[in-house]
Each structure stands twice: as C-alpha cells, then as structure tokens.
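Here you go, sequence then predicted model.
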Amino acid sequence: MNTDTTARISYPYHVSNMHRETVEMTFPDFPEVCAISYSGEVALALLAPKLFQIIQIRMDLGLVVPLPSAGNDRLDLPPDLARKLFHYWQFRGEVSPGGGTVW
C-alpha cells in the first residue's frame, strides 16, 4: 500500500457584485461561510481562516466535511489541514486509501 498521503485540497468560492461597490463571497460547499466586503481580496482574507476553522470543528465533532465541488475560483487548504482532512475522509470511508490526491 502506498503510504504517501500528500494531498492538495481546495474548495471553490464565489464572488458576487452587490450594490455600492461591495461584494459578497460564499463557499458553495459551506453555506454558513459568507462575507460582504469592498473587495474580493479582503473578503477572501477574512473568510479563509473561518473556513479552515469550520473544517477543523466539523472533524473534531465527527461531522461530515464535504468533498470539494467543482468551481474555477478555489482556495487551497493549508498542507497540514489538507493532510488531516484526507485522513479523516479515509477513516470515514469517503475516499480510498492511496497516494496523493488533488481536489
């Protein structure tokens, strides 16, 4: 069995233009993660740590962490969190054991 668990996991996000030069940023796989800001860059900087925290909390509580859906604009998880999430999915039987994986 290949024990290389290098994983690159990224989740899609969506930026919508709102009125008066504001944007809304959401993560389709995590509807509870949302921000409104004056720029997409600022919204992403605010939301990235929140997304990482929600993923960790879901794992700590034994809840489902969805596999990433399709999308062009994506946020990479930090390598340590991606590795933990990949092992979590393996433990739950949501992915097969094996080598490096990219989502």
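Received, thanks.

How many neighbouring residues does the closest residue to residue 71 other than its chain neighbours have?
Among residues not flanking residue 71 along the chain, residue 12 sits closest, at 2.4 Å (C-beta to C-beta, 6 or more residues apart in numbering). All C-beta atoms are positioned from the backbone trio N, CA, C, and that covers glycine. The number of residues packed near residue 12 is 16, by other C-beta atoms under 10 Å.

residues touching residue 12, list them.
For residue 12, the contact set (C-beta atoms under 8 Å, 6 or more residues apart in numbering) comprises 27-29, 68-75.

Need the pLDDT of it.
Looking at residue 12, its pLDDT reads 96.

And residue 1, by the same measure?
At residue 1, pLDDT is 37.

same deal with residue 103?
So, for residue 103, pLDDT stands at 55.

cool, residue 8 as well?
As summarised for this prediction, residue 8 has a pLDDT of 89.

Report how many residues lie close to residue 86.
So residue 86, with other C-beta under 10 Å, has 23 neighbours.

And stretch 80-97, what's buried?
For stretch 80-97, burial by neighbour count (16 or more other C-beta atoms under 10 Å) applies to 81-86, 88-89, 95.

which of the contacts of residue 12 are buried?
Listed as buried from the contacts of residue 12 are 27, 29, 68, 75; burial here means 16+ other C-beta under 10 Å.

Looking at those residues, which are in strands?
27, 75 (DSSP state E).

want to try JSON lines for the buried ones among the contacts of residue 12, with distance to residue 42 and pLDDT as columns?
Output for the buried ones among the contacts of residue 12, formatted as JSON lines (distance: C-beta to C-beta, whole Å; pLDDT from 0 to 100):
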{"residue": "27", "distance to residue 42": "16", "pLDDT": "95"}
{"residue": "29", "distance to residue 42": "21", "pLDDT": "97"}
{"residue": "68", "distance to residue 42": "23", "pLDDT": "95"}
{"residue": "75", "distance to residue 42": "14", "pLDDT": "96"}
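
Generate JSON lines for the buried ones among the contacts of residue 12, with distance to residue 57 as supplementary columns.
JSON lines is the format used below for the buried ones among the contacts of residue 12 (distance: C-beta to C-beta, whole Å):
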{"residue": "27", "distance to residue 57": "15"}
{"residue": "29", "distance to residue 57": "15"}
{"residue": "68", "distance to residue 57": "18"}
{"residue": "75", "distance to residue 57": "17"}
